[in-house]
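In: A structural model of the following input is requested.
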Amino acid sequence: MQRLQKKVAVITGACSGIGLATTELFLSEGTNVAAADVQDDVGEQLQQQYAGQLHFAHRDGTQLDELRAAICSAAEYFGGLDSCSATQVASAPWAAFRLSMRKLGTTPKTKFHDFFALTEFS
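Out: All right, here's what the predicted structure looks like:
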């Protein structure tokens, strides 16, 4: 059953660990995924493996500006955004990230139906 068919999600830390597991789960449910990570080789392999359903962008999820860029990039590439999973937000101030999500949520292309985050501390 593809419960998330035609939804769009941005997933940070998408190339390994919890992020990769989340990416694979979302893809199996029919979600278009904007995968953000610093692991270019793995990201490019994922993009080839899931052509048309996954878009990789080199982004450091620990940097607030990069998180914003990943969200905007996903919304631009897929024409909107329904969900965000931040799986490696080590050191980024959570309150600032939540505030930026609210701010981006008011733009026409980022209408959040779902938001969750798993925070990993270094």
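In: isn't residue 26 right next to residue 11, touching?
Out: Yes. In terms of CB atoms under 8 Å, residue 26 counts as a neighbour of residue 11; the distance is 6.9 Å. C-beta coordinates here come from the backbone N, C-alpha and C atoms, glycine included.
In: immediately after the top helix by length along the chain, which helix or strand?
Out: In the chain, assigned by DSSP state H, the helix with the most residues is helix 64-78. Sequence-wise, the next helix or strand downstream of helix 64-78 (DSSP states H and E) is strand 81-86.
In: partner strands of that next one, with direction?
Out: Sheet partners assigned to strand 81-86 using DSSP bridges are listed as strand 8-12 (parallel), strand 110-117 (parallel).
In: residue 26 and residue 11: which is more packed in?
Out: Each of residue 26 and residue 11 has its neighbours counted (other CB atoms under 10 Å); residue 11 has more, 30 against 23.
In: I'd guessed that one sits against residue 36; true?
Out: Yes. Counting by CB under 8 Å, residue 11 does reach residue 36; the two are 6.8 Å apart.
In: pLDDT weak spots in this structure?
Out: By pLDDT under 70, the low-scoring segments of the chain are 1, 88-122.
In: hang on, the earlier thing: quick check: neighbours shared by residue 26 and residue 11?
Out: Residues touching both residue 26 and residue 11 by CB atoms under 8 Å, 6 or more residues apart in numbering: 33, 85.
In: which residues are in contact with residue 43?
Out: Residue 43 sits next to 14, 15, 35, 37, 56, 57, 58 when contact means CB under 8 Å, 6+ apart.
In: what residues are bridge-paired with the closest residue to it other than its chain neighbours?
Out: Using CB to CB, 6 or more residues apart in numbering and skipping residues adjacent in sequence, the residue nearest residue 43 is residue 56, 3.7 Å away. With DSSP bridges as the criterion, residue 56 is bridged to residue 35.
In: if I pick residue 56, what's in contact with it?
Out: 14, 35, 36, 37, 43, 44, 46, 47.
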